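> Could you work out the structure for the sequence below:
(one chain, ligands or ions: 1)
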Amino acid sequence: MRGKIRSNGALRGGGSDLAQMSLPCCKSERGVIACADNIPFMGSLPDAMFKLIVTSPPYNLGKPYEERSGLDEYLATQERVIEECVRLLHPRGSICWQVGNYVENSEIVPIDTLLYPLFRAQGLKLRNRIIWHFGHGLHCTKRLSGRYETINWWTKCEDYTWHLDPIRVPSKYPNKRHFKGPNIGKLSGNPKGKNPSDVWEFPNVKSNHPEKTIHPCQFPVELVERLVLSLTDEGDCVFDPYMGVGSTVIAATMHKRLGYGCEIVQEYVEIAQARLNALESGTLRTRPMGKPIYDPGLPRGGH
Ligand SMILES: C[S@@+](CC[C@H](N)C(=O)[O-])C[C@H]1O[C@@H](n2cnc3c(N)ncnc32)[C@H](O)[C@@H]1O
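Take a look at the predicted model:
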């Protein structure tokens, strides 16, 4: 967004109240990022603006950026944010809520199971409960070490925007052919690759990941890219109400969508802006989509 930020200027083609907003934000023709609480930020935006809302909210674990509250209070806050997201969602749009477990006294509570009724109550339909599997994390001693989180993909209608081709992955057996029937001898799979399924494996952003910043809980840009490419078209608006260091906005910008995000911690917003500047100048390091997972058993880790 470097060089194109207009402080509190009107958003081109936006038609929103952002022009009047007193919230500190950076606006460009590629979107808006703001240091703001998500409720007032969303309140300044018009209905049905976003084709995709993708986020990872705090898990109420007492991380540096959150105050741990009672579960009821946490859920009441999530309910308000979800309600606003649904108002902002385009009729053919999608909401993707990426969460893990709330943990108390070694008891785990999968947050998506708590949020499920809140999304249903808004009339949304669950399309996939994607398992995001990753290799690194705490080693538990009294239970199995947690190595997945989920992304719940919700839509407003049946006719949602959906593109499979841009997110196909290489087939396991690309030369496999029909061995009987009218198509005998022809390729049995799609030459463009296969559906990536609802189990996704991406390294989580730990210390040696190229995207690592000071944020303790970034999600990888490649995870959001897959959602952006399959659930939006070029020029659509994508929003993250818990923006962190801007991974969603980066994925949106990379693929010619307009990226919007808000975040309460000023330092994270500044890092998000610096990452967007680096993207524009071609110096941002991201892990490319489709890069194989490092495998120490293979020469050069399989890369
Ligand atoms: C799990 S992190 C999201 C990280 C993000 N996915 C990324 O890749 O950088 C949740 C973020 O929400 C922010 N946050 C918490 N409450 C907020 C609120 N009310 N409005 C906006 N942001 C908030 C936190 O400061 C934290 O950075």
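> going forward, measure contacts and count neighbours with C-alpha atoms only.
Fine.
> any chance you could map the strands in this protein?
Assignment of strands within the chain using DSSP state E yields the ranges 25-28, 31-35, 50-55, 89-99, 101-104, 107-110, 125-133, 148-155, 199-201, 237-240, 258-263.
> Pull the residues that contact the longest one.
In this case it means strand 89-99. For strand 89-99, contacts defined as Cα atoms under 8 Å, 6 or more residues apart in numbering pick out 47-57, 59, 85, 111-112, 149-157, 159-161, 231-232.
> Give the buried subset of the residues you listed as a ChimeraX selection command.
To isolate the buried members of the contacts of strand 89-99 in ChimeraX, using 16 or more other Cα atoms under 10 Å:
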select :47,49,50,51,52,53,54,55,56,57,59,85,111,112,149,150,151,152,153,154,155,156,160,161,231,232
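> ok, which of the contacts of strand 89-99 also contact the ligand?
Counting by Cα under 6 Å from any ligand atom, 55-57 from the contacts of strand 89-99 sit close to the ligand.
> From these, pick the one nearest Lys125.
Using Cα to Cα, Thr55 is the member of those that sits closest to Lys125, with 17.4 Å.
> give me the number of residues near Gly31?
Gly31: 23 surrounding residues under other Cα atoms under 10 Å.
> For the stretch 1-150 of the chain, which residues are neighbours of the ligand?
36-38, 55-58, 65.
> Dump those into TSV; add distance to Ser197 and pLDDT as well.
Shown next, in TSV, are these (distance: Cα to Cα, whole Å; pLDDT from 0 to 100):
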residue	distance to Ser197	pLDDT
Ala36	35	97
Asp37	35	97
Asn38	32	98
Thr55	20	98
Ser56	21	98
Pro57	24	97
Pro58	26	92
Tyr65	33	74
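> And the furthest pair within those residues?
Farthest pair in those, by Cα to Cα: Ala36 and Ser56, 16.2 Å.
> Give me the sheet partners of the lowest-mean-pLDDT helix or strand in the chain and which way each runs.
Confidence across the helices and strands of the chain bottoms out at strand 25-28, with a mean of 77, counting by mean pLDDT, DSSP states H and E. When pairs are called by DSSP bridges, strand 25-28 turns out to pair with strand 31-35 (antiparallel).
> got the contact list for the strand it pairs with?
23-27, 237, 258-266, 269, 273.
> Just the buried ones from those?
Using 16+ other Cα under 10 Å, the buried ones in the contacts of strand 31-35 are 23, 25-27, 237, 258-265, 269, 273.
> now for those, which pair is the farthest apart?
Largest pairwise distance in these, by Cα to Cα, is 22.9 Å, between Cys237 and Val265.
> Report how many residues lie close to Pro166.
12.
> Find the residue closest to it in space, skipping its chain neighbours.
Leu229 (6.2 Å; Cα to Cα, 6 or more residues apart in numbering).
> Quick one: neighbours of that neighbour, just the number.
Residues near Leu229, counting by other Cα under 10 Å: 20.
> show me the contacts for it.
Contacts for Leu229 (Cα under 8 Å, 6+ apart) come out as 163, 166-167, 255.
> Quote the end-to-end distance of stretch 183-197.
Stretch 183-197 has an end-to-end distance of 25 Å (Cα to Cα, to the nearest Å).
> To Thr141, which of the strands of the chain lies closest?
Closest of these to Thr141 is strand 107-110, at 13.3 Å (criterion: Cα to Cα).
> Tell me the helices and strands packed up against that closest one.
If you count contacts as 3 or more Cα pairs under 8 Å, 6 or more residues apart in numbering; DSSP states H and E, strand 107-110 packs onto strand 101-104.
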